[in-house]
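> turn this into a model:
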Amino acid sequence: MNNHTQYTEGGAGLRPQPTLGNPQNTIAVLNKYGFNFQKKFGQNFLIDTHVLDKIIAAAEITDEDFVVEIGPGIGTMTQYLAYAAREVCAVEIDRNLIPILEDTLSGYDNVTVLNEDILKVDICRLAEEKNGGRPIKIVANLPYYITTPIIMGIFESGVPVESVTVMVQKEVALRMQTGPGSKDYGALSLAVQYYADPYIVANVPPNCFMPRPKVGSAVIRLTKHAKPPVSVEDEKLMFEIIRASFNQRRKTLANGLKNYAGLSYTKEQIEQAIDESSFEPSVRGEMLCLEDFAKLANNLKKIG
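All right, here's what the predicted structure looks like:
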């Protein structure tokens with residue numbers, strides 16, 4: 001950005017200090033390359049150094065870490081990650097950003113940029129090649145429309161991951177962290193909490209981005225459980241029951257399960273499983289916790 005790059009001791013040696021958290025530097029890069037924001041990729045670039053520092057601190061990045069970053073944009077967070085970590089692999093879907101990333105990351109010898117769709121990247125293989133199969137850390141500023149498929153894809157595919165620290169729409173962060181009885185509680189809450197412990201690190205207002213999004217954002221850290229917090233015989237069945245329960249959330253649990261095409265149990269079997277789980281016949285799915293759903297799945301499996 002300017003010719004006075006400062007080099008200081010970063011994670012594992014002498015590295016340039018990040019410069020892109022500064023809005024003027026971000027604008028200079030965008031102008032230099034005549035970059036146009038792509039709505040289809042949900043591009044909003046962070047321009048707040050305090051938030052960037054908070055993300056690095058929350059993700060607990062050290063000079064021993066291999067980090068996968070999803071959606072590096074022009075490399076703002078990537079600079080912070082590369083400064084702190086041993087090695088970074090940044091996965092960017094927009095090929096128009098690749099020449100910009102080559103420029104903004106030229107001072108860091110510990111970054112690889114992949115021009116790929118993260119949903120098609122074999123992260124398990126990456127972890128094996130770059131980190132000897134040990135758990136990696138994932139950091140992302142995700143486009144809101146694709147947050148859930150990316151996060152669930154990471155957990156369901158068994159990627160060896162220690163934590164996922166992501167910037168998401170504020171209401172999505174609340175949904176991931178909330179418990180039974182809340183209006184935000186749903187299938188996403190239960191799926192995330194089955195795999196990880198969610199913790200909202202910071203709320204981030206729209207003025208911290210360029211361009212400004214229409215909604216507030218939040219940074220949430222998902223720390224992967226060493227083993228799931230509940231014991232369930234058939235994970236797939238449990239998640240079908242959860243989906244059925246929230247598919248028509250005003251219905252009772254029994255009616256939700258009976259009307260759901262993805263379950264092939266009779267009305268009697270469903271009522272028996274609910275009874276054996278010691279739930280009231282009139283209970284709604286939104287009042288059950290993860291442990292309740294695991295119990296119900298185990299009882300249905302036994303009956304069916």
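
> which stretches in this structure count as helices?
Along the chain, the segments classed as helices by DSSP state H run 23-33, 49-59, 76-84, 98-104, 123-131, 147-156, 170-177, 187-195, 235-247, 253-258, 267-276, 290-303.

> most tightly packed of the ones you listed?
Burial of the helices of the chain is given as mean neighbour count (mean count of other Cβ atoms under 10 Å); helix 76-84 ranks first at a mean of 26. In this view, the C-beta of every residue, glycine as well, is placed from N, C-alpha and C.

> what's the distance between stretch 186-205 and the middle of its chain?
From the chain centre to the centre of stretch 186-205 is a distance of 9 Å (Cα atoms, centre = their mean, to the nearest Å).

> tabulate the helices of the chain (TSV), appending distance to E116 and mean pLDDT.
Shown next, in TSV, are the helices of the chain (distance: least, Cβ to Cβ, whole Å; pLDDT from 0 to 100):
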stretch	distance to E116	mean pLDDT
helix 23-33	21	91
helix 49-59	22	95
helix 76-84	15	96
helix 98-104	11	96
helix 123-131	11	96
helix 147-156	13	92
helix 170-177	24	95
helix 187-195	23	96
helix 235-247	27	95
helix 253-258	38	95
helix 267-276	43	96
helix 290-303	33	97
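
> care to break the protein down by domain?
7-224, 235-303 (automatic domain parsing).

> wait, isn't L257 in contact with Y265?
Yes - using Cβ atoms under 8 Å, L257 is in contact with Y265, at 7.2 Å.

> of the helices of the chain, which is nearest T112?
helix 123-131 (8.4 Å; Cβ to Cβ).

> show me what the closest one is packed against.
The contact analysis (3 or more Cβ pairs under 8 Å, 6 or more residues apart in numbering; DSSP states H and E) places helix 123-131 against strand 66-70, strand 87-91, strand 136-141.

> one step back: and the helices of the chain: which comes nearest F209?
helix 49-59 (9.4 Å).

> and the helices of the chain as CSV, adding distance to K227?
CSV is the format used below for the helices of the chain (distance: least, Cβ to Cβ, whole Å):
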stretch, distance to K227
helix 23-33, 42
helix 49-59, 22
helix 76-84, 28
helix 98-104, 37
helix 123-131, 18
helix 147-156, 13
helix 170-177, 20
helix 187-195, 10
helix 235-247, 12
helix 253-258, 27
helix 267-276, 25
helix 290-303, 13
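
> out of those, nearest to K137?
The closest of the helices of the chain to K137 is helix 49-59. By Cβ to Cβ, the value is 5.7 Å.

> what angle sits between that closest one and strand 66-70?
Relative orientation of helix 49-59 and strand 66-70, computed by axes from the mean of the first three to the mean of the last three Cα atoms, to 10 degrees: 130 degrees.

> contacts for helix 49-59?
Helix 49-59 has contacts (Cβ atoms under 8 Å, 6 or more residues apart in numbering) with 18, 21-22, 46, 67, 76-77, 80-81, 84, 137, 139, 163, 165, 167, 201-202, 204, 208, 219, 221.

> could you do stretch 23-39 as well?
1, 19-20, 43, 45, 47, 74, 76, 94, 96-97, 99-100, 103-104, 210-211.

> same thing but at 10 Å, please
Identification of contacts with stretch 23-39 by Cβ atoms under 10 Å, 6 or more residues apart in numbering yields 1-2, 18-20, 22, 43-49, 73-76, 93-94, 96-97, 99-100, 103-104, 143, 208, 210-211.

> got it, and stretch 266-274?
241, 244, 252-258, 260, 263, 265, 279-281, 283, 295-304.

> run the last query once more with 6 Å
254, 257-258, 296, 299-300, 303-304 (Cβ atoms under 6 Å, 6 or more residues apart in numbering).

> rewinding a little: so of the contacts of stretch 23-39, which ones are in strands?
When DSSP state E is applied, the contacts of stretch 23-39 are split such that 45-46, 210 fall in strands.

> just these now: which is nearest G158?
Nearest member of these to G158, counting by Cβ to Cβ, is L46, at 30.0 Å.

> on that earlier part again, only whichever of the ones in strands among the contacts of stretch 23-39 are buried, select them in PyMOL.
PyMOL command restricting these to the buried ones, with burial defined by 16 or more other Cβ atoms under 10 Å:
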select buried, resi 45+46+210
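
> can I get the ones in strands among the contacts of stretch 23-39 in TSV with distance to D109?
Listed next are those as TSV, based on distance: Cβ to Cβ, whole Å:
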residue	distance to D109
F45	24
L46	24
M210	28
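
> tell me the one of the ones in strands among the contacts of stretch 23-39 nearest T147?
Ranked by distance to T147 (Cβ to Cβ), the ones in strands among the contacts of stretch 23-39 are led by L46 at 15.9 Å.

> who are the contact partners of the residue nearest to the closest one when sequence neighbours are not counted?
Ranked by Cβ to Cβ, 6 or more residues apart in numbering and with sequence neighbours excluded, the top spatial neighbour of L46 is T76, at 5.4 Å. Going by Cβ under 6 Å, 6+ apart, T76 touches 20, 45-46.
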